[in-house]
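Chemist: I would like the atomic coordinates for the input below:
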Amino acid sequence: MHDLRQARVSDHSAIVTRVRQWWGDSRTPEQARELSLLLPKLFLQFFSGTSLVTEDENGIRAFLVGFHAPGNDVEAYIHFVGVDPALRGQGTARRLYTAFFQRAAEAGRSEVRAITSPGNTGSIAFHRAMEFSLEPGDRTVDGLPVHSDYDGPGQDRVCFFKKITTDQAH
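Modeler: Numbers count the residues shown, from 1 in each chain. Prediction:
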């Protein structure tokens with residue numbers, strides 16, 4: 001079993017390195033580097049208290065970067081999750097999400113949101129398995145509600161939300 005703990009600012013370099021390694025099998029080195037740019041250090045400087053890592057003697061094996069919405073007391077957001085390919089399919093991401101739900105519910109949050117690209121079928125399947133609902137979009141692609149240009153021109157996204165309570169989070 002891997003230890004689960006709150007993230008620290010000092011984890012940033014290791015997390016960025018792992019994103020580049022772990023996604024290197026499905027992307028070019030340049031694409032993996034671009035993906036790692038979604039995790040600037042500010043996420044851990046300001047949201048380490050709501051972000052999580054699992055580690056063992058080999059270092060960080062999985063992470064979840066998330067935060068509680070600063071503009072309201074209802075929502076929490078999961079920004080980026082990574083799991084060592086050797087651990088995928090073993091419940092590691094589910095454990096991270098469950099811990100995040102629990103902590104968010106205990107902080108009074110009642111909804112968790114996340115997004116992914118329409119082509120990220122693994123992420124879509126995982127969020128559905130975690131009982132996230134799909135937010136209606138402005139168009140449908142392959143049966144999925146898509147938000148066109150969500151993150152800028154050509155950057156379409158599928159948006160998820162999940163209601164949580166302290167009872168469900170455990």
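Chemist: going forward, measure contacts between C-alpha atoms and count neighbours the same way
Modeler: Will do.
Chemist: for the longest helix anywhere in the chain, what does the pLDDT average out to?
Modeler: Longest helix in the chain by number of residues (criterion: DSSP state H): helix 92-106. Per-residue pLDDT values over helix 92-106 give a mean of 97.
Chemist: what's the next helix or strand after it packed up against?
Modeler: Downstream of helix 92-106, the first helix or strand assigned by DSSP states H and E is strand 111-116. Counting contacts by 3 or more C-alpha pairs under 8 Å, 6 or more residues apart in numbering; DSSP states H and E, strand 111-116 packs against strand 75-83, strand 158-163.
Chemist: buried ones in the longest helix of the chain, by neighbour count?
Modeler: Within helix 92-106, the residues that qualify as buried are Thr92, Ala93, Leu96, Tyr97, Thr98, Ala99, Phe100, Phe101, Gln102, Arg103, Ala104, Ala105, counting by 16 or more other C-alpha atoms under 10 Å.
Chemist: compute the inter-axis angle for that helix and strand 111-116.
Modeler: Going by axes from the mean of the first three to the mean of the last three C-alpha atoms, to 10 degrees, helix 92-106 is angled at 140 degrees with respect to strand 111-116.
Chemist: next, the angle from helix 92-106 to strand 75-83.
Modeler: Relative orientation of helix 92-106 versus strand 75-83 (the same axes, to 10 degrees): 160 degrees.
Chemist: the helices in this protein, which residues?
Modeler: 12-22, 29-36, 42-47, 92-106, 121-129, 166-169.
Chemist: packed most tightly, which of these would that be?
Modeler: helix 92-106 (a mean of 20; mean count of other C-alpha atoms under 10 Å).
Chemist: helices or strands up against that helix?
Modeler: Using 3+ C-alpha pairs under 8 Å, 6+ apart: helix 92-106 touches strand 52-56, strand 59-68, strand 75-83, helix 166-169.
Chemist: would you turn those into a markdown table with distance to Gly24 and mean pLDDT?
Modeler: Conversion of the helices and strands packed on helix 92-106 to a markdown table gives the following (distance: least, C-alpha to C-alpha, whole Å; pLDDT from 0 to 100):
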| stretch | distance to Gly24 | mean pLDDT |
| --- | --- | --- |
| strand 52-56 | 20 | 97 |
| strand 59-68 | 15 | 97 |
| strand 75-83 | 12 | 97 |
| helix 166-169 | 33 | 64 |
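Chemist: could you dump the ones you listed to TSV with distance to Ala125?
Modeler: What follows is the helices and strands packed on helix 92-106, written out as TSV (distance: least, C-alpha to C-alpha, whole Å):
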stretch	distance to Ala125
strand 52-56	22
strand 59-68	17
strand 75-83	14
helix 166-169	20
